[in-house]
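1. Based on what follows, work out the 3D shape:
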Amino acid sequence: MTTRILVVEDNPLNFKLVRDVLEYAGYEVVGAGSGEEGLLLAGDLPPDLVLMDLQLPGIDGTETLRRLRSGVLADDVPVIALSALVMDRDHAAAETAGFDGYLNKPISVRSLPDQVASFLREQP
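-> This next block holds a predicted model:
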């Protein structure tokens, strides 16, 4: 069974890079360009992990996380913030909001598959 990753990212180039890296590593990747689309996809194609941009058009990543955690997504599915906001306060705000981890943009194409595998292993 393939591990499915939902990537919620509004920038097509960023999404393509993440998708290409994770597909090469053997993951199935589905993409959403907005929080609203991410909510629909999470309901239709339940992911094993979500990578969530924080700054999205429409509802932002934090609100999308809140809605995912209100019943759309299983509690044990990690949701990882993926953002160009790199200040300590941004990381702290994501942790307070309930994200299970934080990855900075630009991503490291060498590290991303191992980082995703690590987040998947950390879940109960």
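
2. quick one, strands of this structure?
-> 4-8, 28-32, 49-53, 79-83, 101-104 (DSSP state E).

3. Is it possible to get CSV of those that adds distance to residue 110 and mean pLDDT?
-> In this view, the C-beta of every residue, glycine as well, is placed from N, C-alpha and C. Below are the strands of the chain laid out as CSV (distance: least, Cβ to Cβ, whole Å; pLDDT from 0 to 100):
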stretch, distance to residue 110, mean pLDDT
strand 4-8, 17, 98
strand 28-32, 18, 98
strand 49-53, 17, 98
strand 79-83, 16, 96
strand 101-104, 13, 95
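
4. How about residue 25: what's its closest non-neighbour residue?
-> residue 113 (3.7 Å; Cβ to Cβ, 6 or more residues apart in numbering).

5. before we move on, back to that, deepest of the strands of the chain, which one?
-> Compared across these, strand 49-53 shows the largest average neighbour count, a mean of 26 (mean count of other Cβ atoms under 10 Å).

6. Count the neighbours of residue 2 for me.
-> By the criterion of other Cβ atoms under 10 Å, residue 2 has 9 neighbours.
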